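Engineer: got a predicted structure here, sequence first:
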Amino acid sequence: MKYNPLGRTEIKVSEICLGTMTWGSQNSEAEAHEQMDYAVEQGVNFFDTAELYPVTPLSADTYGDTERIIGSWFWKRQKRDDIILATKVAGPGRPYIEDGAGFSPGKIKRACENSLKRLQTDYIDLYQVHWPNRAHYHFRNQWNYAPEREDSQKARDDIHMIAESLADLIKEGKIRHLGLSNETAWGLAQYVKIAEASGLPRPVSIQNEYSLLNRLFDLDLGEVALREDIGLLAFSPLAAGILTGKYADGTVPEGSRMTLNPEMNGRYTAYSKPALDAYLAVASRHGLVPGQMAIAYCLQRAFMTSAIIGATSMAQLKENIGAKELLLNDEILNEIAEIYHQWPMPI
């Protein structure tokens, strides 16, 4: 397993991060514990979760259950200090989380303290802002994204308030570092600018969606991440599983995410299928497991700190972690580039 620095910190995280968002809905506590045991055996030292999880599906009834499952594993295995633990505070819009309120100092503090209790730990290594107070273009919102509708000074003030609130939690020893998620290049740059001007903690990572089918990060965000040493934690590197090819022939396996969400949140549509078929053909020509090729591509990006994998079965987990052994050669990378030129934005 390769380990990469987490921003400008001395922390080293595995290039494969164990994602957890199905635990408590599609996966039982026992299954989640088995996944954590195996991942650690394979060298994974990085777990990612969120107060919002599980999300398959989202539900007020299961809110927080994923963190509770991780907490029970820490209690049973006594491995807390062996793991770099990342979780997230939810942004505005979920009515069952503080009536859908946006970020405020009080909400952030309460969320962190509740996560600590569920996780059965005294500290969180990486505390991430799950999505901004303002509108953003993630989760297929790029088609109606209009930043001009919002007040720029309010957006700056919100970022300053969030950074100050997280600085207070760092001083209290409840969190170690600040991370972002579902952010823009401007937002990321503002956090850095405010940190440098005010002596507040600078972000050490940004967790955005990234895969062969979703490469919004490649341009301005990629440059900011590289030049500011704020690496990407890529979520959904398999595009919610469609890049494994398991849906390619029209089959929808029982218990899969597609049974819950036929379009996979806008990832599996008439626009994405030709690009998907082309990427699957590359894997077939070169005798590669499609999902491993997709993850390996992410791992070879210069701005990548860790790719977050998720699985509902041990077979999937083993296959995904196995991507760490795969290095894509120039021929494969050139074929991927040709497909990207033809379908640069399929989802």
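Structural biologist: Ah, there it is. Remember, it's a predicted structure, so these values are computed and weren't measured experimentally.
Engineer: give me the residues contacting stretch 184-191.
Structural biologist: Residues from elsewhere that reach stretch 184-191 (CB atoms under 8 Å, 6 or more residues apart in numbering): 132, 134, 136-137, 147, 155-156, 159, 163, 178, 180, 183, 202-203, 206, 220-221, 223-225, 228, 230. Any C-beta I mention is one placed from the backbone N, CA and C, and that applies to glycine too.
Engineer: how far out from the middle of the chain is that stretch?
Structural biologist: How far stretch 184-191 lies from its chain's middle: 17 Å, per CA atoms, centre = their mean, to the nearest Å.
Engineer: export that stretch to CSV, keeping only CA atoms.
Structural biologist: What follows is stretch 184-191, C-alpha atoms only, in CSV (Å, rounded to 0.1, in the frame of the first residue of the first chain):
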residue,chain,number,x,y,z
THR,A,184,-15.3,24.9,-5.8
ALA,A,185,-12.0,26.4,-6.9
TRP,A,186,-13.1,29.8,-5.6
GLY,A,187,-14.2,28.4,-2.3
LEU,A,188,-11.0,26.4,-1.8
ALA,A,189,-8.9,29.5,-2.6
GLN,A,190,-10.9,31.6,-0.1
TYR,A,191,-10.3,29.2,2.7
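Engineer: can you flag the buried ones in the contacts of stretch 184-191?
Structural biologist: Buried subset of these (neighbour count, 16 or more other CB atoms under 10 Å): 132, 134, 136, 155, 159, 163, 178, 180, 183, 202-203, 206, 221, 224-225, 228, 230.
Engineer: quick revisit: from the contacts of stretch 184-191, which land in strands?
Structural biologist: Per DSSP state E, strands hold the following members of those: 178, 180, 206.
Engineer: so the last one touches Leu178, yeah?
Structural biologist: No. If you go by CB atoms under 8 Å, Ile206 and Leu178 don't touch, sitting 10.6 Å apart.
Engineer: now the residue nearest to Arg215 when sequence neighbours are not counted: how far from Ala275?
Structural biologist: Using CB to CB, 6 or more residues apart in numbering and skipping residues adjacent in sequence, the residue nearest Arg215 is Tyr340, 6.8 Å away. Distance, Tyr340 to Ala275, using CB to CB, to the nearest Å: 8 Å.
Engineer: identify the contacts common to those two.
Structural biologist: Both Tyr340 and Ala275 are contacted by Leu212, under the criterion CB under 8 Å, 6+ apart.
Engineer: how many neighbours does Ser28 have?
Structural biologist: 12 (other CB atoms under 10 Å).
Engineer: list the residues that contact it.
Structural biologist: Here Ser28 is in contact with no residue (CB under 8 Å, 6+ apart).
Engineer: what pairs with the helix or strand that contains Leu233, parallel or antiparallel?
Structural biologist: Element membership for Leu233 (DSSP states H and E) is strand 231-235. Note on strand 231-235: by DSSP bridges, its sheet partners are strand 205-209 (parallel), strand 304-309 (parallel).
Engineer: of these, which approaches Lys76 most closely?
Structural biologist: Proximity to Lys76 (CB to CB) singles out strand 304-309 among the strands paired with strand 231-235, at 22.7 Å.
Engineer: quick one: the helix or strand just after that closest one to chain centroid distance?
Structural biologist: Downstream of strand 304-309, the next assigned helix or strand under DSSP H and E is helix 314-321. Distance of helix 314-321 from the chain centroid (CA atoms, centre = their mean) equals 18 Å.
Engineer: flag every buried residue along whichever helix or strand comes after helix 314-321.
Structural biologist: As assigned by DSSP H and E, the chain's next helix or strand after helix 314-321 is helix 330-342. Residues 332, 335-336, 339-340 are the ones in helix 330-342 that count as buried (16+ other CB under 10 Å).
Engineer: helices or strands next to helix 330-342 in the packing?
Structural biologist: In terms of contacts (3 or more CB pairs under 8 Å, 6 or more residues apart in numbering; DSSP states H and E), helix 330-342 is packed against helix 273-285, helix 290-299.
Engineer: quick one, it and helix 290-299 angle?
Structural biologist: 90 degrees (axes from the mean of the first three to the mean of the last three CA atoms, to 10 degrees).
Engineer: quick one: contacts for Thr305?
Structural biologist: Contact analysis of Thr305 by CB under 8 Å, 6+ apart lists 4-7, 13, 15, 205, 231-233.
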